[in-house]
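*Asks:* Only the shape, not the letters, is given here:
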């Protein structure tokens, strides 16, 4: 064994997949993954800096991990991901505690970087062309950090959208898809390890395959993934409304393994704001896409995210957004206040909105959504729903889990009692008896109860 390594993965689930691949590569090259930073020889922080809060969290975590050089066993601190890529020129001036920076397109060389540190090198960067193709083979090395019954499947890297508020294309490069064959191989391996739910992620999943096959092939990928033995649920995140094809909608509607759930970040509902954001959609297109989804799958749960307080957002434009949210009645909704990011066109725009106004607008939309979500939850009372068990709350002696309309870590939960012991990863039928604003409560229903 060369040494022990501990990971802290910040930011999105796409970052988590990169961390799992890095762990697998390190393990293959003779490093032992451990959970305790205190005793690790190498500590890796996989960073995010998409918005200011994420940047601050990344820096705080790096400084916290650097303390283990004094109080623990740490011989090397590596920073991977977006932070080092974005600020590579000034990085070591600001954070001299770090021994090496690994860029967003260089994480597959993490073991060589660790070797160099243990060989005595310090203060170096390992960066590569952010547009280099994804390396298909390394997905098979992943060490899962999620619960063993679900895994994220990252199908592409980078983004071609160039929204005016976003730095991701500068850090992650243009859109590059993984080959379909490699994704099927990886998903098959995950299923053999016990994964029952695949959560499909990328910066923009709806255009998967456009770069490799001359047209989007997400519908084909979903169909092939559904044929893998052991996979029970397939969940789709981060589809753009303007590139979501009818073929994908049709496959979702007709394939029982694909959850009637979609995460479709729209960011706003007012045409003039969408135009300033550089988005390629408008309110009419959004309404059409949502209508097509609901026509094909009347029970679909649509999750979206919004940005309030974008530069120049007037009271009239915000009122337009409120009316849009009220009309659309999204099943799941998250609201961010606009974050002014250096190096973006929006960051230089005039009429930046004061923080207190952004926060007021965020609260207004969230209060609206709370009422919508509570009403939608109430409609579930009396139904019997399939739930994947996530854990047990021992003090209350109740279990918690998710329906196929709830994504891990971000959506509501189902809390339920059971006469017999159930375990994480089990699928059970729960009769819903009560509802709160976002969560459901009920009891497991057994086969003989169905027969009554």
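*Replies:* Done, it's in. This one's a predicted model, so the numbers in the text were calculated from it and none came from an experiment.
*Asks:* Spit out the contact partners of residue 205.
*Replies:* 155, 156, 218, 236, 237, 238, 239 (C-beta atoms under 8 Å, 6 or more residues apart in numbering). (Glycine included, C-beta is placed from N, CA and C.)
*Asks:* Against residue 432, how distant is the first one?
*Replies:* Distance from residue 155 to residue 432, counting by C-beta to C-beta, to the nearest Å: 33 Å.
*Asks:* Of these two, which one has the most company?
*Replies:* residue 155 (27 against 22; other C-beta atoms under 10 Å).
*Asks:* mind checking how far that one is from residue 232?
*Replies:* For residue 155, the distance to residue 232 - C-beta to C-beta - is 19 Å.
*Asks:* Wait, residue 215 touches residue 208, no?
*Replies:* No. Counting by C-beta atoms under 8 Å, residue 215 does not reach residue 208; the two are 10.5 Å apart.
*Asks:* neighbour count winner among those two?
*Replies:* Neighbours around residue 215 and residue 208, counted as other C-beta under 10 Å, are more numerous at residue 208. The numbers are 28 against 10.
*Asks:* hang on, the earlier thing: got JSON lines for the contacts of residue 205, with secondary structure, pLDDT and distance to residue 261 too?
*Replies:* JSON lines is the format used below for the contacts of residue 205 (DSSP: H, G, I helix; E, B strand; the rest coil; pLDDT from 0 to 100; distance: C-beta to C-beta, whole Å):
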{"residue": "155", "secondary structure": "coil", "pLDDT": "96", "distance to residue 261": "17"}
{"residue": "156", "secondary structure": "strand", "pLDDT": "94", "distance to residue 261": "20"}
{"residue": "218", "secondary structure": "helix", "pLDDT": "98", "distance to residue 261": "15"}
{"residue": "236", "secondary structure": "strand", "pLDDT": "97", "distance to residue 261": "7"}
{"residue": "237", "secondary structure": "coil", "pLDDT": "97", "distance to residue 261": "9"}
{"residue": "238", "secondary structure": "coil", "pLDDT": "96", "distance to residue 261": "12"}
{"residue": "239", "secondary structure": "coil", "pLDDT": "96", "distance to residue 261": "11"}
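*Asks:* Quick one: the helices in the stretch 1-150 of the chain, in order.
*Replies:* In order along the chain, the stretch 1-150 of the chain carries the following helices (DSSP state H, counting those that start in this stretch): 13-28, 52-66, 68-71, 82-86, 91-94, 110-118.
*Asks:* Nearest approach to residue 296 belongs to which of those helices?
*Replies:* helix 13-28 (25.8 Å; C-beta to C-beta).
*Asks:* Quick check: which helices or strands does the closest one pack against?
*Replies:* If you count contacts as 3 or more C-beta pairs under 8 Å, 6 or more residues apart in numbering; DSSP states H and E, helix 13-28 packs onto strand 3-9, strand 31-33, strand 42-47, strand 76-81, helix 110-118, strand 150-154, strand 197-201.
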